[in-house]
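In: when you get a sec, could you give me coordinates for this:
(chains A and B)
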2 protein chains.
Amino acid sequence: MMTSGTARPAMRGLAAAVLLAGALSAPAQRGALPVPPLGDGPWEFPTAERGLDIRVSVVTKGLFHPWDMAFLPGGDILVTERRGQLRIVRNGVLDPDPIPGAPVVHAVRLSGLMDIELHPDFENNRTVYLTYTKNLNPEPLEVATTLARGRFVDGRLEDVEDILVADSWPGNGGSASRIVFGDDGYLYMTTGASNGNAAQDPSNLRGKVLRLTEDGDPAPGNPFEGRAGYAPEVYSMGHRNTLGLAFNPVTGELWNSEMGPNGGDEVNIIDAGANYGWPDISFGRSYDGPFQSALPWREGVTLPVAHFVPGISPSGLAFYTGEGMPQWNTSAFIGALRVGQVQGTGHLVRIFFDENGNERRREALLTQLGQRIRDVKDGPGGNLYVLTEEDDAALLRIEPAD
Amino acid sequence: MMTSGTARPAMRGLAAAVLLAGALSAPAQRGALPVPPLGDGPWEFPTAERGLDIRVSVVTKGLFHPWDMAFLPGGDILVTERRGQLRIVRNGVLDPDPIPGAPVVHAVRLSGLMDIELHPDFENNRTVYLTYTKNLNPEPLEVATTLARGRFVDGRLEDVEDILVADSWPGNGGSASRIVFGDDGYLYMTTGASNGNAAQDPSNLRGKVLRLTEDGDPAPGNPFEGRAGYAPEVYSMGHRNTLGLAFNPVTGELWNSEMGPNGGDEVNIIDAGANYGWPDISFGRSYDGPFQSALPWREGVTLPVAHFVPGISPSGLAFYTGEGMPQWNTSAFIGALRVGQVQGTGHLVRIFFDENGNERRREALLTQLGQRIRDVKDGPGGNLYVLTEEDDAALLRIEPAD
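Out: Modelled structure (predicted):
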């Protein structure tokens, strides 16, 4: 029970008073400033950690709004583009032709071809997983986040089949998806539910983290297995839009980065059966102004391990396991899309967690480049890889400077 | 009652695992980057509002860690310096000699001479109010936030007397103070209590907003008047360190900006008798890592209208009432001290509240100058004035560009 006056304050008497001021009801806002063109690099930048300067190199430009990357055993890199193309970087050179065989996607804003993940035994079975937004019906529009499986053989995708089609929605609002294999051999897949109440509906696959077998079936031992009214695929619920998903290599925990409303972006530690509160509980405000929730917490809701106010428009999440930059081994890295003078420049956020798992500080990396960041991945060779989010986007490599 | 797993997650098993990684227990962090030298200006900058470019001019340099300013009827400007000097800018020129008669202060870090406020009838009675950190005992050190009153006559302070000495503390940790007169004729004064539990002790004057008569007595009608165990001066409680205090001219509400712990800076609407939670409730983490509170809210605690995660080290708070920049008339302006690559550059934060009093967006102003900002004030002539926080600090004027 709440006593009056303890929740977030609503403004009292302002609306009436402002009528006198005039012309304020629809203030004109300049759009975000243009993203500066990316040079050819490489660049060397200092960091907040003593003894660590980094070199940032362009692996390739020429990508169109990429979403995710997968590092192949031989060193080649697969990159998804949201418009529906799967690209490949061979020996550091982007093939101008997309990989044939990718599924047809519904591509608009935050919908389209999304994540790619190699099967743990990819070297033998050549199996890859993709998530994408599937067009189930064009008019009236009905789309669904979908998990597809195929094989990457001889430079093409073969035997691509949908193995999980989540609950559909009318296509309003984007819905991000990320997938990652756990050490338990199961596939963790995220679905978004920015609008409506699907994230709190345990029978609906939207706004969830799902835990699946390699065939797309509910993983045995899932937290709501056999519970009436609960979809057996559900691992956790109450997520708005997960933009990043990775296992913390130090703790073994699954972490996500989540796009909240205005001032409500989150980093969560994903626990089996937990509820992260969307849309009932949030630190942020709806984009038309009011707080998303009168209180920032309620019984039964798991709080984020970190959040962002104001928001950063978070994207991919990664942990760094390389040896070259050991100062970064317990940190979480999150891409940030925001650009322009209103929101600050796109950059790579580093949240430094100490040996007890407590946040100590945050560092803004790559601010010098001013690019919107779409994804960050712990790549081969002890390097961190970053995708920018542009019409002419780049794949960047971060390594220690000499 | 709480169910397990719903509060903020503690890291599980990380400490042990990290022993393997080694050398992470005391990571070396580079200090904040040096603040770039301030040029001579003026500068013109675009803003987020269409049709509004601003011109920023240097009124004067040569101030040493100033804290507050007061605009005299004839156009001169009094400026407090934390080391204990009261300065004056006459016809736009800083007098090299301080105003004689200022109280002797305990000046170290966030202690010293702080706010200055003119009596509402200053033109007739020449009365000014100052807050400062008073040294009550040198060894063992005992200091107290103190309100002094004097008269500014013939270029000097006269008849200066302490009219309120708040509860003392051993001088550890700074304690900011701001004062402002309300339309009710009473003086609102803030006191800090970063350490310990004084902010939750209603009999202690630290960590509070006080409401006082012009003689420093408890204002009649104060919310805890006559209540046993409550100091009659107390207007609101549970404040960590108020760095800015101003009346919202549109709503008539009293607002503060409050320095929280790591990631817990706040802007609050100050209600009579309300409790803002420090140190029991906060969005932030203690500087050594753990969350300040397991939950971000409890019954009886009033939540901020805006907060900052990560923190910005907020300073002064102001509202703009001029006619030249009407797009700014419902916004709150807050100085930010943070510099360097870890935390971002010092700047002036604008939080845009719409006609319903809802936050819609935040804008970082003056980022181009890279200065730490100590105070911001709505000044004469429809201009906003800003003090930087440096050894060679500047008073800046912001007005619409032509």
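In: give me the neighbour count for the residue in the stretch 101-250 of chain A positioned nearest to chain B.
Out: Distance from chain B to each residue of the stretch 101-250 of chain A (C-beta to the nearest C-beta) is smallest for residue A:250, at 5.0 Å. C-beta here means a position set from N, CA and C on the backbone, and glycine is covered the same way. Residue A:250: 23 surrounding residues under other C-beta atoms under 10 Å in any protein chain shown.
In: please apply the same query to residue A:352.
Out: 21.
In: swap in residue A:122?
Out: 16.
In: same check, this time on the one 5 residues further on
Out: Applying other C-beta under 10 Å, we find 18 other residues in the vicinity of residue A:127.
In: per-residue confidence for the nearest residue to it once chain neighbours are set aside?
Out: Closest residue to residue A:127 apart from its sequence neighbours, by C-beta to C-beta, 6 or more residues apart in numbering or on different chains: residue A:119 at 3.7 Å. Looking at residue A:119, its pLDDT is 98.
In: near residue A:119, how many other residues are there?
Out: What residue A:119 shows, counting by other C-beta under 10 Å, is a neighbour count of 19.
In: now swap in residue A:172 and tell me
Out: Counted with other C-beta under 10 Å, the neighbours of residue A:172 add up to 11.
In: contact partners for it?
Out: Residues counted as contacts of residue A:172 (C-beta atoms under 8 Å, 6 or more residues apart in numbering or on different chains) are residue A:195.
In: please give the element, helix or strand, for it.
Out: Assessed by DSSP states H and E, residue A:172 sits outside every helix and strand.
In: need the phi and psi values for it.
Out: Dihedral pair for residue A:172: phi -80, psi 130, per degrees, to the nearest 10.
In: what score does whichever residue of the stretch 301-402 of chain A sits closest to chain B have for pLDDT?
Out: Residue nearest to chain B within the stretch 301-402 of chain A (C-beta to the nearest C-beta): residue A:357, separated by 2.0 Å. Looking at residue A:357, its pLDDT reads 92.
In: same deal with residue A:114?
Out: If you check residue A:114, the pLDDT there is 98.
In: and if you look at residue A:1?
Out: pLDDT at residue A:1 comes out at 30.
In: coming back round to it: quick check: the residue of the stretch 101-250 of chain A closest to chain B is in a helix.
Out: No: per DSSP: H, G, I helix; E, B strand; the rest coil, residue A:250 lies outside any helix segment and is coil.
In: thinking again about what came up before, residues contacting the residue nearest to residue A:127?
Out: Each residue near residue A:119 by C-beta under 8 Å, 6+ apart is listed here: A:125, A:127-129, A:181, A:214.
In: again, but for residue A:268
Out: A:239, A:255-256, A:258, A:276, A:302, A:304-305.
In: for my notes, confirm it occurs in a strand.
Out: Yes: the assignment for residue A:268 is a strand, going by three-state DSSP.
In: CA atoms only: put stretch A:301-320 into PDB for me.
Out: Provided in PDB are the C-alpha atoms of stretch A:301-320 (Å, rounded to 0.1, in the frame of the first residue of the first chain):
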ATOM      1  CA  VAL A 301      10.200  -7.800 -10.200                       C
ATOM      2  CA  THR A 302      13.900  -8.300 -10.600                       C
ATOM      3  CA  LEU A 303      15.800  -5.000 -10.900                       C
ATOM      4  CA  PRO A 304      18.600  -4.300 -13.400                       C
ATOM      5  CA  VAL A 305      22.200  -4.600 -12.400                       C
ATOM      6  CA  ALA A 306      22.700  -1.300 -14.200                       C
ATOM      7  CA  HIS A 307      20.500   1.200 -15.900                       C
ATOM      8  CA  PHE A 308      20.900   4.400 -18.000                       C
ATOM      9  CA  VAL A 309      19.100   7.800 -17.300                       C
ATOM     10  CA  PRO A 310      19.100   9.500 -19.700                       C
ATOM     11  CA  GLY A 311      19.000   6.600 -22.100                       C
ATOM     12  CA  ILE A 312      21.700   5.700 -24.500                       C
ATOM     13  CA  SER A 313      19.700   3.600 -27.000                       C
ATOM     14  CA  PRO A 314      21.800   0.500 -26.100                       C
ATOM     15  CA  SER A 315      22.600  -2.100 -28.700                       C
ATOM     16  CA  GLY A 316      24.800  -5.200 -28.500                       C
ATOM     17  CA  LEU A 317      26.400  -6.500 -25.300                       C
ATOM     18  CA  ALA A 318      29.700  -8.300 -24.900                       C
ATOM     19  CA  PHE A 319      32.300  -9.400 -22.400                       C
ATOM     20  CA  TYR A 320      36.000  -9.400 -23.300                       C
END
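In: how far does it sit from its chain's centre?
Out: Here stretch A:301-320 is found 10 Å from its chain centre; the criterion is C-alpha atoms, centre = their mean, to the nearest Å.
In: that one close to chain B?
Out: Yes: counting by C-beta under 8 Å from any C-beta of the partner chain, chain B is contacted by stretch A:301-320 at A:301-310.
In: counting only strands, which of those make the cut?
Out: Taking DSSP state E as the definition of strands, the residues of stretch A:301-320 next to chain B contribute A:306-308.
In: which of these ranks first by neighbour count?
Out: Tallying neighbours with other C-beta under 10 Å puts residue A:308 at the head of those, with 28 neighbours.
In: circling back to that earlier point, among the contacts of residue A:119, which two are most distant?
Out: A:125 and A:181 (12.9 Å; C-beta to C-beta).
In: okay, the two: which has more neighbours?
Out: Comparing residue A:125 with residue A:181 by other C-beta under 10 Å, the one with more neighbours is residue A:181, at 16 against 12.
In: from residue A:325, how far off is the more buried one?
Out: Computed as C-beta to C-beta, to the nearest Å, the residue A:181 to residue A:325 distance reads 25 Å.
In: burial of residue A:232, as a residue count?
Out: Residue A:232: 16 surrounding residues under other C-beta under 10 Å.
In: ok, it touching residue A:224?
Out: Yes: here residue A:232 reaches residue A:224: they are 6.6 Å apart, a contact under C-beta atoms under 8 Å.
In: now the stretch 151-300 of chain A against chain B: closest residue?
Out: Per C-beta to the nearest C-beta, residue A:289 is where the stretch 151-300 of chain A lies closest to chain B, at 2.9 Å.
In: so where does that residue fall, helix or strand?
Out: For residue A:289, there is no enclosing helix or strand under DSSP H and E.
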